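Q: structure for this input, please:
(2 chains)
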Amino acid sequence: MFSRRTVVILGVLFFIAANILFLTIGSRSQTTSFLPYRVTLSLVAPLQEIFTRWIRFNEDIWKHYFYLVTAAKENNRLKQALNDAEAKLNQQEELTLANQRFRRLLDFKQTAAREVVAAEVISRDPSPWFKTVVINKGKSDGIGKGYPVAMSEGIVGQIIEISKNYAKVLLLIDRNSAVDGVVQRSRARGVVKGGEEAQCMFEYLLRKHDVSVEDMIVTSGLDGVYPKGLPIGKVITVERPHAGIFQHVLVAPFVDFEKLEEVIVMMPPLRHDLETGR
Amino acid sequence: MTYLFHIGMGMIIIVLQTTIFHHMGLVIGFYDLLIVQIIYLGLYRPLRESLVIIGLVGFAMDSLTGGPYGLYLTTYLWVFAGVRWSLAYFHLSNTFIFPFVVAFGVMLENLIHLAGTVSLESASVSIARADFRTVTLQLLWAVFTGPLALILLNMLSQHSGKWFLRLVTAGKED
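A: Residues are numbered from 1 along each chain as shown, chains lettered A, B, ... in the order given. As a prediction, this is how the structure comes out:
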């Protein structure tokens, strides 16, 4: 009835249509958690954690030890003394830096007015098209899907997938991320969406609203995810096109997403209060 | 044994891509090394065996990424189908064609991922200059290192079989 060529073409068209349907359903159902993915995350994440710890350990050795050995070749007598001194100094510097980071986290924890859980980033998204990280805290630590993730500098993102001990965080700079924000100075409201090259766009800001370069954008608290007043970023460009009702505003996030190491997950106040009976 | 080798290899690549590559600063410019494995399966391995491995590897990648469910699985299946289909028309196992085959796979992956990004409800349909730069870098890496990775994978796959046979023989002799 049909030639072989027609059957092949129809088959390919059918598979393309089925594929598009499958991906569309997949993208729509991101609000619900998928059990097999949670299981896979639980299986792969420990390996990633081991690798990450191993890399950091080796980086420390590389940065703090090997170059000392090279320097020591120039002067044998000074080698031991220099080694010891530098090792102690590096250790101290590392401790100071860690101390500073933890102090900032602690300060943030005290000012956050919510219960928070500190977590470590153990892996990043393999695709350059999506911006997510995996952290080493999960359901067993009391965190859940949709919880906001932040640092002392500002917001990082929100949890989109969670297993017992690990969670996947959608970063603020991902194209699919959207945060309700306000200009701190003028209180003009808009939506901060992930943009290009680790920057964000402040969308739906009406032309009449006052915004200028260097203005700080903070969370409005109206999206029901992030608490009000958390820093998001700083305005770097403002464009007012001749046509249209919105301004084009570009925002540089305060968080350096390339150097994410430790983050904190914020618990919802209502749920926590209910659980603890406070 | 082949299943074990390829699933193990896939898991190693996944862990490397999500951890070490980021510390080496390769994430923006480097392509998905699993594409090489998928092309290898398309060129040298039987259909049923390949589908099982692609299914597992694609599923693992989907659980670690922020894209829509099934995006990586879809990508790998289409790359695999493309390689299989091309075998009827081109002599793809020729080493000189390897750079183009890997580049094709990387290009197809980026196109599907772009479609996947757009398919998400809140994403805006915009391709930045940075995206072009990323894809160009990936293609360059793929052209220059893809054939080597493909040859290396082929060698490892062949040797893994021999090592396994040697292990089994040694076990029987004992």
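
Q: for residue A:105, what are its contacts?
A: Contacts for residue A:105 (C-beta atoms under 8 Å, 6 or more residues apart in numbering or on different chains) come out as A:118, A:151-152, A:262, A:264. Just so you know, the C-beta spots here come from the backbone N, C-alpha and C atoms, and that holds for glycine as well.

Q: would you say it is within a helix?
A: Yes - using DSSP: H, G, I helix; E, B strand; the rest coil, the assignment for residue A:105 is a helix.

Q: gap between it and chain B?
A: Counting by C-beta to the nearest C-beta, to the nearest Å, the separation of residue A:105 from chain B is 22 Å.

Q: turn the contacts of residue A:105 into JSON lines, including neighbour count, pLDDT and secondary structure.
A: Listed next are the contacts of residue A:105 as JSON lines, based on neighbours: other C-beta atoms under 10 Å in any protein chain shown; pLDDT from 0 to 100; DSSP: H, G, I helix; E, B strand; the rest coil:
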{"residue": "A:118", "neighbour count": "16", "pLDDT": "88", "secondary structure": "strand"}
{"residue": "A:151", "neighbour count": "21", "pLDDT": "88", "secondary structure": "coil"}
{"residue": "A:152", "neighbour count": "20", "pLDDT": "83", "secondary structure": "coil"}
{"residue": "A:262", "neighbour count": "16", "pLDDT": "87", "secondary structure": "strand"}
{"residue": "A:264", "neighbour count": "22", "pLDDT": "90", "secondary structure": "strand"}
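
Q: ok, which pair from the residues you listed is furthest apart?
A: Farthest-apart pair in those is A:118 and A:152; separation 11.3 Å (C-beta to C-beta).

Q: how long is stretch B:83-103 end to end?
A: 12 Å (C-alpha to C-alpha, to the nearest Å).

Q: hmm, residue A:165 and residue A:135 touching each other?
A: No - contact criterion C-beta atoms under 8 Å: residue A:135 and residue A:165 do not qualify, at 9.9 Å.

Q: more neighbours: those two, which one.
A: residue A:135 (30 against 17; other C-beta atoms under 10 Å in any protein chain shown).

Q: list the contacts of the more buried one.
A: Per C-beta under 8 Å, 6+ apart, neighbours of residue A:135: A:119-122, A:149, A:166-167, A:169, A:263, A:265.

Q: and the buried ones among those, selectable in PyMOL?
A: Remark: buried members of the contacts of residue A:135, expressed as a PyMOL selection using 16 or more other C-beta atoms under 10 Å in any protein chain shown:
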select buried, chain A and resi 119+120+121+122+149+166+167+169+263+265
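
Q: from the contacts of residue A:135, pick the one nearest chain B.
A: residue A:122 (7.5 Å; C-beta to the nearest C-beta).

Q: all strands of the stretch 101-250 of chain A, in order?
A: Ranges of strands in the stretch 101-250 of chain A, per DSSP state E, counting those that start in this stretch, are A:116-124, A:132-135, A:148-150, A:155-162, A:167-171, A:178-183, A:189-194, A:200-203, A:216-219, A:231-239, A:248-253.

Q: quick one: the nearest residue to residue B:61 once chain neighbours are set aside and residue B:113, what's the gap?
A: Spatial nearest neighbour of residue B:61, excluding adjacent residues (C-beta to C-beta, 6 or more residues apart in numbering or on different chains): residue B:72 at 3.8 Å. Note on residue B:72: its distance to residue B:113, by C-beta to C-beta, to the nearest Å, is 9 Å.
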